[in-house]
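Student: What follows is a predicted protein model with its sequence.
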Amino acid sequence: MSSSIIDTLDLEDMESQDIQIARDDMSSVQKKVFPAGTLLFKRGDIRHCAFLLDLGAVEIFGNDEGGTDKFLCAIGEGEIFGEMALIDNSPRTASAVTTKECEIFIIPRESFHKKIIGLDPMISLLISLLIERYRITRIHMPESVKQDNIGDFIRKLGRHEHLPDEVIRLRNTEQQRHTALQEMKLEQDLRQGLADKEFIPYLQPILDLKTSRVAGFEALIRWQSADKGMVFPDDFIPVAERTGLVQQLDMLMLEKVCAMMPDVLKKLPALSKDDSRQDFFISVNMSGINFETLDVVNQVRGLLMKYEIDPRHIKLEITESALIGDADQAEKVLQGLKILGVSVALDDFGTGYSSLGYLHKFTIDDLKIDRSFVMQLHDGSRTIDIVRAIIGLAKNFKLNVVAEGIEQEKDIAALLSLDCDYGQGYLYSKPMPVDAALEYLEKSFQV
Ligand code: C2E
Ligand code: CA
Ligand code: CA
């Protein structure tokens, strides 16, 4: 610990920055520059934020019995100080002064709590419990705890008024415990379900809107759980994504699709060389995690070879979130898939980041317009113009357009007038077991 240029600090005439920082936007971490000699916070200030010293030097002064502020320690670059602010609302017990010009990250309590709540539920629970325990052992100091009867002490703990919602939720560890336990249990069940081969694909037809014939299927995962019955993907894919199990599920679906492909192709009428049905496909959903490394390309190649599948019959559906993290890496994966010969559809288009501007940057083949647009086609809103613009742009980039969520006859006419190629939705069929899908396919070519 280095010693200070001054031993004691006269706080009388100095105004601390803590109050001013509190009035600023407290929902996100921000960086600020402070000149030398700034009193960052003063003993007695209500704590609002912690600090991370990026550049410069800061000294901390604490109060002695006589009421003067004495040098306690020097803070070096890269160190966090004033971090008790992240725990509770009680007044600061020390003062902090910059001794050089400083660049400092300000970490407001709200943003800290938001980050914790956004974590994996298990980690969030652990951190919340640690903070809560710390609060219980620290607040009011042991002497006062000794004087209090336990009821008073607990009431005092509950006296953190005017807390933002995040903080209240964070303190509600009961709810968090429940969520974390459920998630852990679901993770165990998912592993068991994988071992017991309880996951199967259902198939939903995707039709050529002009001919009303099946152009392909989308494989949608279903969990036929021995104890839960049929479980839909929205109830387990998010946990599978957080735990990394989704990669196994996605590859399992792809493997099942490859394995069934010869039987499915047999249901198509004999194909001439230039028949567009050569392009018959089954698409498989791929979570974004698969796009973080090139492994997925090798895995897909392995399955295509194992089942001797013509890659043109395989399509992978990804969402925009797979592209936004590390865009260069995602594009490498897309290029690798293109070389293999499988095609890629951008799923749920319009719901995420939806920048039409970046479409040309990625090697994709199809665009799937999210069903929320199709459902608003007839409500007199601007949706129809938006869909027209999306289709126009997609065509410019030579992408096929698939409309999701077709539920009414009139959707088809509207989409055809907008030059949309393909459609999928309950009007044609809900996702169905493979046998039923094969029958549907055969019938589609009989009329
Ligand atoms: P998605 O990829 O957007 O799949 C379309 C979802 O919309 C399916 O729900 C389908 O049953 C439903 N759908 C289709 N047509 C209509 C319609 O006309 N109206 C309405 N209201 N809904 C329609 P599902 O099967 O429950 O799947 C939900 C989501 O779970 C999928 O959304 C996809 O994001 C994810 N998912 C499904 N299977 C897999 C998988 O194997 N791997 C991964 N990573 N995700 C999957
Ligand atoms: Ca999909
Ligand atoms: Ca979709």
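Tutor: Structure's in. What do you need? Ligands and ions are numbered 1, 2, ... in the order given.
Student: And the strands in the stretch 301-447 of the chain?
Tutor: Secondary structure of the stretch 301-447 of the chain by DSSP state E, counting those that start in this stretch: the strands cover 314-318, 343-349, 366-369, 400-403, 422-423.
Student: so does the last one get close to ligand 1?
Tutor: What that stands for is strand 422-423. No: between strand 422-423 and ligand 1, judged by CB under 6 Å from any ligand atom, nothing touches; the nearest distance is 9.4 Å. C-beta coordinates here come from the backbone N, C-alpha and C atoms, glycine included.
Student: which other residues reach that strand?
Tutor: If you take CB atoms under 8 Å, 6 or more residues apart in numbering as the criterion, strand 422-423 is touched by 206-209, 215, 366, 400-404, 406, 411-412, 415.
Student: Buried only: go through the residues you listed for me.
Tutor: Neighbour-count burial (16 or more other CB atoms under 10 Å) applied to those gives 206-209, 215, 366, 400-404, 406, 411-412, 415.
Student: quick one on the thing from earlier: would you mind telling me which of the strands of the stretch 301-447 of the chain is nearest Thr99?
Tutor: The closest of the strands of the stretch 301-447 of the chain to Thr99 is strand 314-318. By CB to CB, the value is 52.1 Å.
Student: quick one, that closest one and strand 343-349 angle?
Tutor: 30 degrees (axes from the mean of the first three to the mean of the last three CA atoms, to 10 degrees).
Student: Give me the sheet partners of strand 314-318 and which way each runs.
Tutor: Partners of strand 314-318 in the sheet, by DSSP bridges, are strand 281-285 (parallel), strand 343-349 (parallel).
Student: okay, the last one in PDB with CA atoms only?
Tutor: Output of strand 343-349 as PDB, limited to C-alpha atoms (Å, rounded to 0.1, in the frame of the first residue of the first chain):
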ATOM      1  CA  SER A 343     -28.800 -24.500 -48.200                       C
ATOM      2  CA  VAL A 344     -29.600 -22.100 -45.400                       C
ATOM      3  CA  ALA A 345     -32.800 -20.300 -44.500                       C
ATOM      4  CA  LEU A 346     -32.900 -17.200 -42.300                       C
ATOM      5  CA  ASP A 347     -35.800 -18.000 -39.900                       C
ATOM      6  CA  ASP A 348     -38.300 -15.700 -38.100                       C
ATOM      7  CA  PHE A 349     -37.200 -12.700 -40.200                       C
END
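Student: out of the strands paired with strand 314-318, which comes closest to Gly78?
Tutor: So among the strands paired with strand 314-318, strand 343-349 is nearest, using CB to CB, at 41.1 Å.
Student: And ligand 2, is that closest one touching that?
Tutor: Yes: applying CB under 5 Å from the ion, one finds that strand 343-349 is in contact with ligand 2 at Asp347.
Student: For ligand 1, tell me whether that strand is touching it.
Tutor: Yes: on the criterion CB under 6 Å from any ligand atom, strand 343-349 is in touch with ligand 1 at 347-348.
Student: tell me the mean pLDDT for that strand?
Tutor: Per-residue pLDDT over strand 343-349 has a mean of 95.
Student: quick check, nearest of the contacts of strand 422-423 to Gln376?
Tutor: Asp411 (10.6 Å).
Student: Does that closest one touch Tyr428 like I think?
Tutor: No: counting by CB atoms under 8 Å, Asp411 does not reach Tyr428; the two are 10.6 Å apart.
Student: Between the contacts of strand 422-423, which sits nearest Arg191?
Tutor: Glu404 (31.0 Å).
Student: Distance check, that closest one against Lys266.
Tutor: 28 Å (CB to CB, to the nearest Å).
Student: Next: Glu83.
Tutor: Distance, Glu83 to Lys266, by CB to CB: 66 Å.
Student: ok, now Phe362?
Tutor: 34 Å.
Student: More neighbours: the two, which one.
Tutor: Applying other CB atoms under 10 Å to Phe362 and Lys266 shows that Phe362 carries more neighbours, namely 18 against 9.
Student: Surely the more buried one touches Glu331?
Tutor: Yes: at 5.9 Å, Phe362 counts as touching Glu331 under the criterion of CB under 8 Å.
Student: who touches both of those two?
Tutor: By CB under 8 Å, 6+ apart, the residues touching both Phe362 and Glu331 are Leu323.
Student: Am I right that Val297 is in contact with Val333?
Tutor: Yes: counting by CB under 8 Å, Val333 is a contact partner of Val297 at 6.2 Å.
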